[in-house]
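A.B. asks: sequence first, then the predicted structure:
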Amino acid sequence: MSQSAIVEGVDAVPAAAAHPGVDDAICQVGRTAAQTAAQTAVRGGHSQRLRPIDAPFLAAGPSGVAIRTRLKVLTFQDENVLREVAAHLGSLAGRDLKARCRAGTAHDADGWAARKRALTGESSARWAGSITKATHDQWALARRSHLAHLNSLEAGIAVIERRLSVPIGQKGTRQAVGGYRSRREWFAKSRRLHVLKDRLAAVRADWDAGRVHVVRGGKHLLNHRHHLDAAGLSQEQWRARWEAGRRFCQADGESGKRYGNETIRVTPDGEVAIKLPAPLAHLANAPHARYVLTARVGFAHRAAEWADRICADRAVAYRIYHDPDRGRWYLTASWQRPAVPAVSLEAARARGIIGVDANADHLAAYRLDTCGNPVGDPMRFSYDLTGTTTHRDAQIRHAITRLLHWARRCGVAAIAIEDLDFAQDKTREKHGRRKRFRQLISGFPTTKLRARLVSMAAEQGLAIVAVDPAYTSRWGDQHWRKPLTTSKREMTRHDAASVAIGRRALGHPIRRRTTPPRQHQSDAVGHRTVQAEPSAQGREETRPPVTERAHDARPRTGTHGTRATSASNTVRDTRSTRRWVQNSLLDTV
């Protein structure tokens, strides 16, 4: 099979879009976004058109709250009742999910009502409503994941086709990708192109038909059943995790009902009562087919806010689940928060800002005043993203907590972060040989970090300003790393990038000074600095002369250097010792 036969019909190679997190260009800074996009940067003999820079914006605050506590001192009967209730509702949820997947995109409100009526007889109307709602959310999540997988396959195919259309061994430029290094690699990629196209055809057929592939309990755990030794699990341990993942015991809240929930009711003194499904009503130990647990619960976090809601009969959703590894039962309470008017961007900038550059192992932060000047020394908040998901999540929380405490001590009102999204850059076709880089961007928790920072900052009264990540690392390193480096302060590329992020959030250009006029490098036309505020006097004037040497100093040709001022040899240039004083009133005497 020849190279021309594989790439027949492939269009010309388009210019590669600049990666938002990798700064590969130099341009004239100090212009508007539209002007910057219209300019072309030149480096190494190659011209590159820069993409437009989006304006900074305030990130929306959290819309809900979730708190968790442990169900302690459960009796043997309590645990058996919880297992039977969760297993029974889990079987109903699995049956309902199957019916929803069978309906596909033809599902409508009438189908939803029919499914709920079928579940009501085997549980209750409220349990049926919670199950159908959870099923709909799970199907919608699978549908979004299906679309993301389809887009990933299309992106990989496009990259391979572009590289196959380029001659073998041709080096790439900043505007276009290069060819493959050898005929062996070219042939392997041509075969992979056909594999991806066949896979794309199957995925697109499922998408058009509305089919989704969902596993209750998780596909990852399901695959562990065939590789127990590699997963480090015994058959009993796997079975316990599988059953725990397929159980269902969660109920939506209702405003106006007693304590905000009629299905799982938690009183202010911590009593937990569960409305049993109709087939399990014989297990009740309280009136109206309810089972009251022996354990009493109490929330350590947001206890006052939770108590205020249930005392006012406002909706609170509850979920009871089992952790098989620890052998513990937990109760999670969640509710929605009313929309709070966000502060304006000008108010968030009023007291300065802290720019944060997120990296694989730390957060680099720098404080800036309202004029965009760095204040103090850079700060770094380290974390370790290796290990389990729980460990990584705890590391992120601890790093964000330290960052927020430092922000409160600094007295700023906002924190600036990059609006990162590596969803389109995780394909191995784009960074095939750069395995470590692909692992880095795949393991970087951009979504979780942004969500955690927004929610935790809202509790501290801090706003989050999201900025465009384009060219922040390169321009920060170019314009701020060397000027801020001293004998006692070591600046890294990430510290300089945090300065660039903060200046972009404040509305200042990243470059420290505006480029002087082209006709002459002087102060005759316009001002040369944008560091001063618009209200500062003399902002548009020329800069004062340097003070290291006097105005009447003359260069010396001797062998000895001195810092003393040269004396004038003429009477006319001699300094006067008299002072000029203007009287307040004109003396006419």
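C.D. replies: Looks like it arrived, so ask away. This one's a predicted model, so the numbers in the text were calculated from it and none came from an experiment. Numbering: from 1, shown residues only.
A.B. asks: check which helices and strands the helix or strand that contains Val195 is in contact with.
C.D. replies: With elements taken from DSSP states H and E, the one containing Val195 is helix 183-209. Judged by 3 or more Cβ pairs under 8 Å, 6 or more residues apart in numbering; DSSP states H and E, helix 183-209 is in contact with helix 3-6, helix 125-164. C-beta here means a position set from N, CA and C on the backbone, and glycine is covered the same way.
A.B. asks: dump those helices to JSON lines, plus mean pLDDT and distance to Phe248.
C.D. replies: Below are these laid out as JSON lines (pLDDT from 0 to 100; distance: least, Cβ to Cβ, whole Å):
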{"stretch": "helix 3-6", "mean pLDDT": "40", "distance to Phe248": "50"}
{"stretch": "helix 125-164", "mean pLDDT": "93", "distance to Phe248": "7"}
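A.B. asks: and of these, who's closest to Pro56?
C.D. replies: Among the helices and strands packed on helix 183-209, the nearest to Pro56 by Cβ to Cβ is helix 125-164 (26.8 Å).
A.B. asks: what's the following helix or strand after the helix holding Val195?
C.D. replies: helix 219-224.
A.B. asks: give the contact list for Cys249.
C.D. replies: Cys249 makes contact with Leu82, Val85, Ala86, Leu89, Ile264, Arg319, Ile320, Tyr321 under the criterion Cβ atoms under 8 Å, 6 or more residues apart in numbering.
A.B. asks: quick check: the second one is in a helix.
C.D. replies: It refers to Val85. Yes. Under DSSP: H, G, I helix; E, B strand; the rest coil, Val85 sits within a helix.
A.B. asks: just to check, it is in contact with Ala278?
C.D. replies: No. Under the criterion of Cβ atoms under 8 Å, Val85 is not in contact with Ala278, lying 11.7 Å apart.
A.B. asks: identify each buried residue in the helix holding Val195, please.
C.D. replies: Across helix 183-209, burial judged by 16 or more other Cβ atoms under 10 Å covers Trp186, Lys189, Ser190, Leu193, Leu196, Leu200, Val203, Trp207.
A.B. asks: which of the residues you listed lies closest to Glu490?
C.D. replies: Closest to Glu490, out of all of those and judged by Cβ to Cβ, is Lys189, at 43.1 Å.
A.B. asks: shaky segments in the stretch 1-150 of the chain?
C.D. replies: 1-49 (pLDDT under 70).
A.B. asks: from Gly179, how far out is Leu506?
C.D. replies: 44 Å (Cβ to Cβ, to the nearest Å).
A.B. asks: more neighbours: these two, which one.
C.D. replies: Set Leu506 next to Gly179 and count neighbours by other Cβ atoms under 10 Å: Leu506 wins out with 23 against 20.
A.B. asks: my guess is that one contacts Thr370, does it?
C.D. replies: Yes. With contact defined as Cβ under 8 Å, Leu506 counts as touching Thr370 (7.0 Å).
A.B. asks: overlap of the contact sets of those two?
C.D. replies: In contact with both Leu506 and Thr370: Arg349, using Cβ under 8 Å, 6+ apart.
A.B. asks: burial check on Phe57, number of neighbours?
C.D. replies: 14.
A.B. asks: nearest spatial neighbour of it, skipping sequence neighbours?
C.D. replies: In this structure, Phe57 finds its nearest non-sequential neighbour in Ala466, 5.8 Å apart by Cβ to Cβ, 6 or more residues apart in numbering.
A.B. asks: any low-confidence regions in the chain?
C.D. replies: 1-49, 174-175, 340-341, 421-445, 513-589.
A.B. asks: what's the domain layout of it?
C.D. replies: 57-61+340-506, 64-143+214-336 (automatic domain parsing).
A.B. asks: Thr173: which of the ones you listed is closest?
C.D. replies: Across the domains of the chain, closest to Thr173 is domain 57-61+340-506 (Cβ to Cβ), at 15.7 Å.
A.B. asks: quick check, distance from that closest one to the centre of its chain.
C.D. replies: Distance of domain 57-61+340-506 from the chain centroid (Cα atoms, centre = their mean, to the nearest Å) equals 10 Å.
A.B. asks: and the angle from the helix holding Val195 to helix 125-164?
C.D. replies: Between helix 183-209 and helix 125-164, the angle comes out at 150 degrees (axes from the mean of the first three to the mean of the last three Cα atoms, to 10 degrees).
A.B. asks: can you pull the buried residues of stretch 373-391?
C.D. replies: Buried-residue list, stretch 373-391, by 16+ other Cβ under 10 Å: Pro374, Pro378, Met379, Arg380, Phe381, Tyr383.
A.B. asks: which of these sits closest to His224?
C.D. replies: For the buried residues of stretch 373-391, the nearest to His224 is Tyr383 (27.7 Å; Cβ to Cβ).
A.B. asks: quick one on the thing from earlier: which of the helices and strands packed on helix 183-209 is buried the deepest?
C.D. replies: helix 125-164 (a mean of 18; mean count of other Cβ atoms under 10 Å).
A.B. asks: next one: that helix to chain centre, how far?
C.D. replies: The answer for helix 125-164 is 20 Å, by Cα atoms, centre = their mean.
A.B. asks: does anything pack onto that helix? Which helices or strands?
C.D. replies: Using 3+ Cβ pairs under 8 Å, 6+ apart, helix 125-164 sits against helix 76-103, helix 109-120, helix 183-209, strand 250-251.
A.B. asks: turn the ones you listed into a markdown table, including distance to Gln478.
C.D. replies: Below are those laid out as a markdown table (distance: least, Cβ to Cβ, whole Å):
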| stretch | distance to Gln478 |
| --- | --- |
| helix 76-103 | 53 |
| helix 109-120 | 57 |
| helix 183-209 | 35 |
| strand 250-251 | 52 |
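A.B. asks: out of those, nearest to Ser234?
C.D. replies: Nearest of these (Cβ to Cβ): helix 76-103, 20.2 Å.
A.B. asks: fine, thanks again, bye for now.
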